[in-house]
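**Q** this is a predicted model, with the sequence first.
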Amino acid sequence: MNKASRKGEAIVLLSGGLDSATAAAWALAEGYSVTAISFDYGQRHRIELKAAQAVANALGISDHVKITIDLAAFGGSALVDQSIAVPKNRSDDVISHGIPVTYVPARNTVFLSLALALAETRNASTLILGVNSVDYSGYPDCRPEFLRAFESLANLATKSGVEGARFTIHAPLVSLTKPEIIRLGLSLHVDYGLTTSCYDPLDNGRPCGECDSCRIRAAGFAAVNMPDPRVSVFMASEETNCGSDC
């Protein structure tokens, strides 16, 4: 729940994915008063916006800002350009090397810039996001050195920074493996059935199970010896709907 603040105001980037939900729960457990920010940026998987709202509701985050921007106008990524196919069934070795076509140019830089602007209006000095540099797909804007550089920028480029406020970026998951993230989230009672990680879900939101993100997520849940709650939700729904035809 969004309980009384012990550490002040924080802006949490909430995508509706497993990692951002865990980061939001961590922020609340740490005693921050949380404002969540989510982005409709022209992504092909907008089901994540419904997931972000569901996660915010479940965590008791009432201040949830949604921003619409059009990164699809630039193209250059399978997540915003329908003409570029989302890679499927890539081997673990391939996933862990190189920057895939699902990289959205400068996405985290854009998102953090908008979150920083929101922070100034909310008198928040902390930005929190769920980026990870261990179990990820090689995105350059998920690395600790990027976060340190943006933190320096935040303190140079804002009225609050110039007047003596100190902005801090927290990425509590940045050095954790996916199983470690899941264990942390379970300890914080995150309902992972509400989250979505798939790059190319079906129209009803069911994960494809074949993209890089699905494969990384599936391996994480397998490592903690539990089924993915998101997949279980759809399996239960399909069994209910098919009745005697199953």
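**A** Right, received. Where do you want to start?
**Q** can you map out the helices along the protein?
**A** Ranges of helices in the chain, per DSSP state H, are 18-30, 47-59, 92-95, 107-121, 144-156, 159-162, 178-187, 212-223, 229-242.
**Q** Gly205 is nearest to which of the ones you listed?
**A** Closest approach to Gly205 among these is made by helix 47-59 (4.4 Å; Cβ to Cβ). No exception for glycine: its C-beta is placed from N, CA and C like everyone else's.
**Q** any residues touching the closest one, and which ones?
**A** By Cβ atoms under 8 Å, 6 or more residues apart in numbering, the residues outside helix 47-59 that reach it are 1-2, 14-17, 20-21, 24-25, 28, 34, 36, 38, 40, 62, 64, 66, 190-191, 194-196, 201, 205.
**Q** now with 6 Å, please.
**A** 14-16, 21, 24, 36, 38, 40, 64, 191, 194-196, 201, 205 (Cβ atoms under 6 Å, 6 or more residues apart in numbering).
**Q** same check on stretch 170-183?
**A** For stretch 170-183, contacts defined as Cβ under 6 Å, 6+ apart pick out 19, 22-23, 26, 128-135, 144, 147, 216, 220, 223-224.
**Q** what's the longest strand in the protein?
**A** Secondary structure assigned by DSSP state E gives strand 33-40 as the longest strand of the chain.
**Q** the closest residue to Gly209 other than its chain neighbours: how many residues sit nearby?
**A** In this structure, Gly209 finds its nearest non-sequential neighbour in Ala218, 7.1 Å apart by Cβ to Cβ, 6 or more residues apart in numbering. Ala218 has 18 neighbours, counted by other Cβ atoms under 10 Å.
**Q** ok so, going back, list buried residues within the contacts of stretch 170-183.
**A** Neighbour-count burial (16 or more other Cβ atoms under 10 Å) is assigned, among the contacts of stretch 170-183, to 19, 22-23, 26, 128-133, 135, 147, 216, 220.
**Q** of the residues you listed, closest to Ser77?
**A** The closest of the buried ones among the contacts of stretch 170-183 to Ser77 turns out to be Val131 (Cβ to Cβ; 16.6 Å).
**Q** now do the closest one, the pLDDT please.
**A** Confidence at Val131, expressed as pLDDT, is 96.
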